[in-house]
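Visitor: Show me how the following folds:
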Amino acid sequence: MQIVNHNNLKKILILICNLILIFAITLSIYSPVAHAQEPYSPNPESSAAPKGLVEVTMTAIGVDTVKNELETRLEFELKGIYKKGPTYPAQDLLMTVNGANIEDSEITFKAGKPMIFPALKFNLVKGKINNYPFDRHIAKVAISIDPLPSIRKKFAPFELNPVPLLFKFNADVPGFDITYKPLEENSSIFIYIDVRITRSLPVKFFALTIIVIMWVLSTMALLLALKVMKSGKLPEIGMLSWTAVMLFAFPAIRNAQPGVPPVGTASDFLSFFWTEIIVVVALVIIGSCWLKRYHPPIE
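Guide: Below is the predicted model of the structure:
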């Protein structure tokens with residue numbers, strides 16, 4: 001009957017608990033600071049309620065950290081004197097936005113036409129992609145809307161003053177935690193916010209899991225190679241195959257991380273580069289032992 005070694009079992013449990021503790025500490029250190037979604041608040045200087053406003057809803061639909069771009073979609077709902085229909089302005093409107101894909105940073109919406117525009121892209125002005133999976137990025141968004149002079153001014157008593165704005169923000173991009181924070185310049189007529197982007201907790205956890213897997217497998221290969229070298233026996237050909245497969249499997253495992261950038265990130269320096277070197281060393285040791293100790297059968 002096989003006797004269970006309680007000491008080894010205890011060591012394994014302690015190792016697992018230590019790994020879980022390291023994971024928890026690492027994620028807590030690099031977890032993003034929560035930024036409350038601050039709702040729109042009117043400018044305290046404006047005592048009278050506006051005669052109308054435009055409700056601007058921004059939805060983040062994509063993040064490309066390689067190109068340093070945040071892709072968003074804007075939706076508009078008009079109210080009061082600016083409304084001819086839910087999304088149809090009663091007067092020509094000019095929106096000024098710092099979008100990366102907008103010429104002259106201006107978009108004109110014609111009276112009686114729906115306020116529709118393709119996806120807007122904003123540059124990520126802060127953040128280093130090489131810090132993956134702990135990279136943090138910031139995109140600055142500035143939006144204002146002004147009425148344009150029109151020949152036909154029969155709809156409402158327009159004034160050529162900035163349009164009051166009501167801002168809402170939504171984000172649901174897999175793999176990212178996206179929040180926003182209004183800046184000091186943000187007001188009831190000028191939207192100026194920081195959109196903050198970090199990797200989601202599952203992405204960080206999976207990336208750390210990949211790091212641990214590569215270290216465990218490479219360490220096992222090195223220990224196996226050292227044991228073969230000390231034993232003085234001919235290593236089995238299967239050892240060479242297993243180590244060689246691991247050498248070419250690690251790049252695929254590395255690229256399996258969600259949203260991982262090209263080679264050169266923090267996760268690569270934590271595991272990929274070193275574990276590849278360890279596997280190469282193990283493969284050389286096992287191959288050298290096999291070449292030195294192999295003797296073909298004498299016919």
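Visitor: continuing past the helix or strand that contains residue 211, what's the next helix or strand?
Guide: Element membership of residue 211, judged by DSSP states H and E, is helix 201-231. Remark: after helix 201-231, the chain's next helix or strand is helix 237-255, criterion DSSP H and E.
Visitor: Which residues does that following helix contact?
Guide: For helix 237-255, contacts defined as Cβ atoms under 8 Å, 6 or more residues apart in numbering pick out 210, 213-214, 217-218, 221, 224-225, 228, 260, 263, 267-268, 272, 275-276, 279-280, 282-283, 286-287, 290. C-beta: built from backbone N, CA, C; applies to glycine.
Visitor: Repeat that for stretch 279-299.
Guide: Contacts for stretch 279-299 (Cβ under 8 Å, 6+ apart): 217-218, 221-222, 224-226, 228-229, 232-235, 237, 239-240, 243-244, 246-247, 250.
Visitor: List phi and psi for the nearest residue to residue 143 once chain neighbours are set aside.
Guide: Take residue 143 and drop its neighbours on the chain: the residue closest to it by Cβ to Cβ, 6 or more residues apart in numbering is residue 191, 4.2 Å away. The phi and psi values for residue 191, taken as degrees, to the nearest 10, are phi -90, psi 120.
Visitor: Any figure for the gap between residue 191 and residue 230?
Guide: Distance, residue 191 to residue 230, by Cβ to Cβ, to the nearest Å: 69 Å.
Visitor: do residue 178 as well
Guide: 54 Å.
Visitor: Which residue of these two possesses the greater neighbour count?
Guide: Higher neighbour count among residue 178 and residue 230: residue 178, with 22 against 9, using other Cβ atoms under 10 Å.
Visitor: For the nearest residue to that one once chain neighbours are set aside, grab the count of nearby residues.
Guide: By the measure of Cβ to Cβ, 6+ apart, the closest residue to residue 178 outside its immediate chain neighbours is residue 171, 3.8 Å from it. Residues near residue 171, counting by other Cβ under 10 Å, number 19.
Visitor: now do residue 84
Guide: 16.
Visitor: what's it in contact with, if anything?
Guide: 78, 90, 111-112, 155.
Visitor: my read: residue 265 touches residue 128, true?
Guide: No. Using Cβ atoms under 8 Å, residue 265 is not in contact with residue 128, being 9.5 Å away.
Visitor: quick one: which of these two has more around it?
Guide: Neighbour count, other Cβ under 10 Å: between residue 265 and residue 128, residue 265 has more, with 22 against 13.
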